Every structure is written in structure tokens, then in C-alpha cells.
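# one predicted model, sequence on top.
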Amino acid sequence: MINFNQLRTFCQAAKHGSYTTAAEKLYVTQPAVTAQMKLLEDHCNLKLFKKRGRKVYLTDEGKTLYQYARKIFDYEKEIEDVIEEMRELKRGVLRLGTTKTYARYFMPLMITSFRETYPHIQIHLDEGSSQDMTLSLLDFQNEIVIIAKAEDHPDVCFFPFSKEEVVLIAAPDHHLAGKSPATFAHISKEPIIMKEIGSGTRKLVNKMFAKNNSTPVMLMETSNTEFIKQLVQRGDGISFLVKEAVAVELRDGKLATVPLQGHRLFLDMSVAYLKDQHLSPPAKAFLDILGKLAPEEMLPQGIGALMVKMLSQRR
């Protein structure tokens, strides 16, 4: 097997045509270079240099070997450059996961802000239920996820990030819309379009029904928020969604909220990543940006407030 220290010395001697200069470049003595070249020639059973005075010249065999050997150390320099670029966040990949609502309403501005500071980092954004995104951490598909804390896991760190209000929505002409606050006894008689199992919203709603000794009449379940909004607008049922996800429809009068008697529902959103696992430089940089947005206390701060804060920071 070729000794790479000998090969490195060979390349320096071949490049400069001098054992003395090679020794200076490698911070060793000239006799050490001579000894290394003797060992390499013995290993190859080839004469690689011819000497004339203080200069050395490659033999034909030496020229052939040099053509290949120098490529190794050219690649070594490229590798060193890549490592330095990754350290300085001039190269790398950021793997994120989040819920569909955050992917649509929060992440575009968040990613734009990140890329303004780190334009050379590639971003892979995954979306799904909070449960799916937790599993994506465990499968090393994502490094950081922003999710509702659907369930605890001993290998995952959860840090509070924001609170999203969850509202009961109905068609504007629905008999519950615009009236006095509804009780769970009222809404338990209505067909409900539920978010999928594994979503933070679904867990929150199920918990509230159980707390009020009620059972929802589930018309259907789906992960598609836009589909839910369309069904509710048509009067096919009512649903619980994050308020920011229906802000436009509420403003335009396409949907209405139904107040709940004695209840306001808030979904705690968290930033999560694996315990005892090294985070990549892009992931650490992303966490730093999120840290500047997160409130000091868990106030009812949702996507809208976070986006206002981001915009003010960019001015």
C-alpha cells in the first residue's frame, strides 16, 4: 500500500524540482525528503527522479506517477475548501419539517429571511401532521420541526414557540353562526369535518370534547385544510381550524366563527429536535433566527404576530 506521506513529499519535489524546496514547503529537513523518496522508489521498484546538482528531474515513470498523484492533492484542497465553506455557512443543507398550516402561512417568509442571511444553504421543507413530523426527526429525515406537541417522546426536545388560536368555523348562513356562544352539547349534534389523527388540532379538539363529556359526530377526516374550508363553506358541516388558516375567508365573509361558551382554544406550537444529536451549522443558524422571534413568555402569539415581528426586523 502506498504511503501518502511519501506521495505528498513526491508531489512537492516533482512540482518544485528540488528536495530542498520540498522540505521547506513540508516543514521537514532535506534529508527527511531524501529518505522518503528512497522509500517510495523502493516500494514502487522504480526510479522516479534523476539528479543534476541541486535540481531533481522526473523520469518517465516519475512523470506518469505525478500525473495521477497530483490529482489526489488537488482533491484534498477541494475537500478542505468544502469543509471551510460548510463551517462558514457558504454551503450546506437545512432540513425542516412543519405542519401544513405553518408551511403555507409562516414558512415562506421565514425561509426568505433565512436565505437573505445564508443564500447558499439549500433548504428542504417537509410538511405533515405533528405526529408525522416528530417521526421524521427520529428517522433523521429532518433536523428541526415546528409542530404542535401532539405527544411526548423521550428522544425529542420540545421548546415552546407560539400559540395558535383554534376556532370553530361554519358557513355564514349556518344556524350556529352569529348567535350566542354554542355549548359542546350544541356542536356535538352537528356533523364535524375533523383534521387527521396525528395533528395537534385533532388532539386538542378530541380532548375538549372528552372534557365536556361529548362525542363529535364526525362527517369525515382529512389533512387537507383547503378541502375542509370548501366543505364548510358549502354547509356540509362545521370544523375546527387554526384561525390564521381561515383569516382571509373570515375577512371576506365566506366563513364565520362560532364562539364556544366558556372556551377559547389555543394550540401550543413548539420547535423540536432530537436530544443528544449534533445539529448541523445550518440548523443551528435557523434556531438562532427562531430564537429572536419566540416570545419570552407563552402569550397568545400566533403566525400573524410572528410575521409582523419578522417584517419589522427586516426593515
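Arrived safely, thanks for sending.
# against Gln6, how distant is the closest residue to Phe240 other than its chain neighbours?
Leaving out its chain neighbours, the residue that sits closest to Phe240 by CB to CB, 6 or more residues apart in numbering is Val205, at 4.8 Å. Glycine gets a C-beta too; all of them are placed from N, C-alpha and C. Between Val205 and Gln6 the computed distance is 70 Å (CB to CB, to the nearest Å).
# same question, Tyr118
From Tyr118 across to Gln6, the span is 41 Å (CB to CB).
# phi first, then psi, for Thr183.
With angles defined as degrees, to the nearest 10, Thr183 sits at phi -100, psi 170.
# nearest spatial neighbour of it, skipping sequence neighbours?
Counting by CB to CB, 6+ apart, the nearest residue to Thr183 once its immediate chain neighbours are dropped is Gln261, at 4.9 Å.
# what are the phi and psi values for that neighbour?
Gln261 has phi and psi values of phi -70, psi 120 when expressed as degrees, to the nearest 10.
# try Glu127
Glu127 has phi and psi values of phi -140, psi 150 when expressed as degrees, to the nearest 10.
# I'd guessed Leu241 sits against Phe227; true?
No. Here Leu241 does not reach Phe227: they are 11.4 Å apart, not a contact under CB atoms under 8 Å.
# of the two, who's got more company?
Looking at Leu241 and Phe227 with other CB atoms under 10 Å, you find the greater number of neighbours at Leu241, namely 24 against 12.
# how far away is that one from Thr201?
Leu241 is 7 Å from Thr201, where distance means CB to CB.
# the nearest residue in space to His153 that is not next to it in sequence - how many residues pack around it?
For His153, ignoring the flanking residues on the chain, the nearest one in space by CB to CB, 6+ apart is Thr134 at 6.1 Å. Other residues near Thr134 come to 26 when the count uses other CB under 10 Å.
# need the distance between the two termini of stretch 193-204.
End-to-end distance for stretch 193-204: 14 Å, by CA to CA, to the nearest Å.
# list the contacts of the helix or strand encompassing Ile147.
Under the criterion DSSP states H and E, the helix or strand holding Ile147 is strand 144-148. The contact list for strand 144-148, computed with CB atoms under 8 Å, 6 or more residues apart in numbering, reads 94-99, 102, 106, 130, 133-134, 136-137, 161, 164, 199-201, 203-204, 267-273, 279, 283, 286-287, 290.
# before we move on, what about stretch 90-99?
By CB under 8 Å, 6+ apart, the list of residues contacting stretch 90-99 from outside reads 82, 85-86, 106-107, 114, 120-130, 133, 136-137, 141-148, 199-200, 280-283, 286.
# likewise stretch 26-33?
Residues beyond stretch 26-33 that count as contacts (CB under 8 Å, 6+ apart) turn out to be Arg8, Thr9, Gln12, Ala13, Tyr19, Thr20, Ala22, Ala23.
# again, only using 10 Å
Surrounding stretch 26-33, the residues in contact under the criterion CB atoms under 10 Å, 6 or more residues apart in numbering are 5-6, 8-10, 12-13, 18-25, 35-36, 54, 56.
# what average pLDDT does that stretch get?
The average pLDDT for stretch 26-33 rounds to 95.
# likewise for stretch 52-68?
Model confidence over stretch 52-68 averages 94 on the pLDDT scale.
# end-to-end on it?
Terminal residues of stretch 52-68 lie 25 Å apart, using CA to CA.
# any idea how far that stretch is from the chain center?
Using CA atoms, centre = their mean, to the nearest Å, the distance from the centre of stretch 52-68 to the centre of the chain it belongs to is 51 Å.
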